[in-house]
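Enquirer: I need the structure of the sequence given here:
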Amino acid sequence: MELVRARVTNYKSIDDSGWVSIDGITCLVGKNESGKTAFLQALRKLNPASGASGDFSLRDYPRKGYSRYRRVHAERPAKVVSAEFALSDDEAAELPLLASRRVVVHKDYANHLTWDLKFNDPSPSERAAGQVRERLCAMMPQFVYFDDYSVMRGRISVEGLLERKRRAEELDDADHVFLALLSVAGIEVENLRMQTNYEHLKAELESAAIGISDELFEFWKQNKQLRVEFDLSLANPADPPPLNSGTILHTRIWNERHRVSVPFDERSRGFVWFFSFLTYFSNLEEEMTNSLVLLLDEPGTNLHAMGQTDFLRFIEERLAAKHQVVYSTHSPFMVNLRSLSSVRLVEDLDSTGTVISDDVLGNNSETVFPLQVALGHQMAQSLFLAPHVLMVSSPTDAIYLQVLGDAVAEAGGQRIDPRWTIIPVGAPENVPTFVSLLGENHLTVAVMMDVAPNRRMRVEAQAREGKAPMADPVRWVDVTRSRDGDVEDLLDPEFYLGLVNRSYAGELHAELTRPAIADSATSRIVKRVAAYFAKEDVDGGQFERGRPAGYLLGKHADLAREIDERTIERASALFERVNSLLPPGAAGSAAERAEVRRPRAVA
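Expert: A predicted model of the protein is given here:
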């Protein structure tokens, strides 16, 4: 049976989640306290695995309606979770009475299961219908819930564990993880208490840990010099109960690099979580005959960003190959941008509580923020892998380079080579940081902005001595023949001031002219306009450099004929200097060499 969709009602923060479609991998994205955990926990109780409790408690009913519901609970228990499943070919053949392969099951606060079924016979005997329901219950996947609190403990009182096992309802998720490790090793808890054949027990435990670690290290790329060790000792009476009596099993992590061991639950939290999960999961796969639906609540929270990417690959390649996975996250590194259709957005609304949908546009900016960051990170990664990078100060520069490139090409000249990837980096002080982020894949790196000499020296040193030194030194390109110039200084001043006047129409006290900005101490036209805005208190005294550029881009077709020949000559000379920095050869593919092709830029 495959889970097709699920719905949670009347549970904690959820009045009605709405029907949530479930794929092979489903990612729930939302802020903290949005209701992601509540949804997963309710789903788990439909048919929990490994002895976990499946009972709903009256205390879980939403507080705002609790008093009213409590009075009718016994007679009309509220529905909590509903799930729709699709039967496989074999399962459908086993249940010929069913008219549809889709079946729906509900569980209420009385912890009763009810099925919505369509039969071929409109009125099958109750015995036959009961047998169908009983078989469906046996076929239903088991739900496995795992969160950050499910990690194995570093020290375990064997006697205490035996006592909790005797009263099974007191076992917590950490206990289940350790019992899973013992099961994988083929060891009974009672043998640990008696310490029968100590060396044999230790060897069996470490053999199981090695097997699990070997699988883990196929995906764990952060530090491969770790291993799990075990030891048995008598309790220290000075320790808190239940660690103060009987036999204590110690689990420790040995770090080969530093040649030191630490208690399992005190260091390397990401590794501890990953190892604990894989231990629990490996045992479940051995013991369970039904399919599993894995519910992972904020997996990999303690992992580094690259570790989260590793775990996402583990979900895709290892878990989802056999089981459905539903996981929650607010980390952009746990969102698979190749499968955005599997993302569900979770939002806690003031009037209706938690709702879950796949409508990105219908959610607020805070809810979709992880998706925005993930998209931005992916875009940045593609840029940093580009072989030829031209750094400029802002998206405004990219706009002027594009428009001027069209004008130069129209006049028969050469625009900036399409092999360049244009990256706006902001202020000049950001250039060293961006250069340090670039790796050895970059064949050509050029900076087209005013950078102070001391920063130029720092950038060149980074490029030479970094972990991934560049094949060629960083190249410096001045917009004009003097270092004191912006891209706007390529334009005729009258043309540029016309852009300012049009883009600020209705906000300027009077049309801006060359005499109005003539007394400025700088030759840069952008700085002279900015000084005028501050002096005359235009638009709050702040000149927005991007507005004239945006106006030019929007009115490009109309304004192109106003660009004079001298501007085209200056721009053409700049483009030739920039393109001369590239290695000789054809400019990329045939498509890249096409005249309509423009250099890539991020605006």
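Enquirer: So which residues of the stretch 251-400 of the chain form strands?
Expert: Taking DSSP state E, counting those that start in this stretch as the test, the strands found in the stretch 251-400 of the chain are 260-263, 292-297, 324-329, 343-349, 353-357, 388-392.
Enquirer: Show me how far stretch 567-587 is from its chain's centre.
Expert: In terms of C-alpha atoms, centre = their mean, to the nearest Å, the centre of stretch 567-587 is set 39 Å apart from its chain centre.
Enquirer: Show me the one of the strands of the stretch 251-400 of the chain that comes nearest residue 401.
Expert: Closest to residue 401 of the strands of the stretch 251-400 of the chain, according to C-beta to C-beta: strand 388-392, at 7.4 Å. Every residue, glycine included, has its C-beta placed from N, CA and C.
Enquirer: Show me what that closest one packs onto, helices and strands only.
Expert: Applying 3 or more C-beta pairs under 8 Å, 6 or more residues apart in numbering; DSSP states H and E, we find strand 388-392 packed against strand 421-424, strand 444-447.
Enquirer: Quick check: what element follows the last one along the chain?
Expert: Moving toward the C-terminus from strand 444-447, the next helix or strand (DSSP states H and E) is helix 453-465.
Enquirer: Can you give the contact residues for the helix or strand that that following helix is followed by?
Expert: Going down the chain from helix 453-465, the next helix or strand is strand 475-476, by DSSP H and E. The contact list for strand 475-476 (C-beta atoms under 8 Å, 6 or more residues apart in numbering) reads 444, 445, 446, 447, 451, 456, 581.
Enquirer: got a list of what residue 317 touches?
Expert: Taking C-beta under 8 Å, 6+ apart, we find residue 317 in contact with residue 219.
Enquirer: And the helices in the stretch 451-600 of the chain?
Expert: For the stretch 451-600 of the chain, the helices defined by DSSP state H, counting those that start in this stretch occupy 453-465, 493-503, 525-536, 546-554, 556-559, 565-579, 590-593.
Enquirer: Please look at residue 80 and residue 12 and confirm they touch.
Expert: No: at 10.0 Å, residue 80 does not count as touching residue 12 under the criterion of C-beta atoms under 8 Å.
Enquirer: So for those two, which residue has more residues nearby?
Expert: Between residue 80 and residue 12, residue 80 has the larger neighbour count (other C-beta atoms under 10 Å), namely 24 against 19.
Enquirer: if we can go back for a sec, for my notes, please list the strands of the stretch 251-400 of the chain in TSV and give mean pLDDT and mean neighbour count for each entry.
Expert: What follows is the strands of the stretch 251-400 of the chain, written out as TSV (pLDDT from 0 to 100; neighbours: other C-beta atoms under 10 Å):
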stretch	mean pLDDT	mean neighbour count
strand 260-263	83	14
strand 292-297	95	24
strand 324-329	95	23
strand 343-349	89	20
strand 353-357	89	22
strand 388-392	88	25
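Enquirer: Format the ones you listed as JSON lines; extra columns: distance to residue 27.
Expert: JSON lines is the format used below for these (distance: least, C-beta to C-beta, whole Å):
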{"stretch": "strand 260-263", "distance to residue 27": "33"}
{"stretch": "strand 292-297", "distance to residue 27": "10"}
{"stretch": "strand 324-329", "distance to residue 27": "6"}
{"stretch": "strand 343-349", "distance to residue 27": "5"}
{"stretch": "strand 353-357", "distance to residue 27": "11"}
{"stretch": "strand 388-392", "distance to residue 27": "32"}
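Enquirer: Residue 184 is nearest to which of the ones you listed?
Expert: Closest to residue 184 of these, according to C-beta to C-beta: strand 292-297, at 16.5 Å.
Enquirer: so residue 419, which of the three states?
Expert: Counting by DSSP: H, G, I helix; E, B strand; the rest coil, the backbone at residue 419 sits in coil.
Enquirer: Go ahead and confirm it touches residue 388.
Expert: Yes: with contact defined as C-beta under 8 Å, residue 419 counts as touching residue 388 (4.8 Å).
Enquirer: Now the common contact residues for those two.
Expert: In contact with both residue 419 and residue 388: residue 582, using C-beta under 8 Å, 6+ apart.
Enquirer: What is the burial count for the nearest residue to residue 297 once chain neighbours are set aside?
Expert: Excluding the flanking residues, the one nearest residue 297 by C-beta to C-beta, 6 or more residues apart in numbering is residue 147, at 3.9 Å. For residue 147, the count of nearby residues is 19 (other C-beta under 10 Å).
Enquirer: What distance do you get for residue 147 to residue 111?
Expert: Here the criterion is C-beta to C-beta, to the nearest Å. By it, residue 147 lies 22 Å from residue 111.
Enquirer: My read is that residue 417 contacts residue 580, right?
Expert: No: using C-beta under 8 Å as the test, residue 417 is too far from residue 580 to be in contact (9.6 Å).
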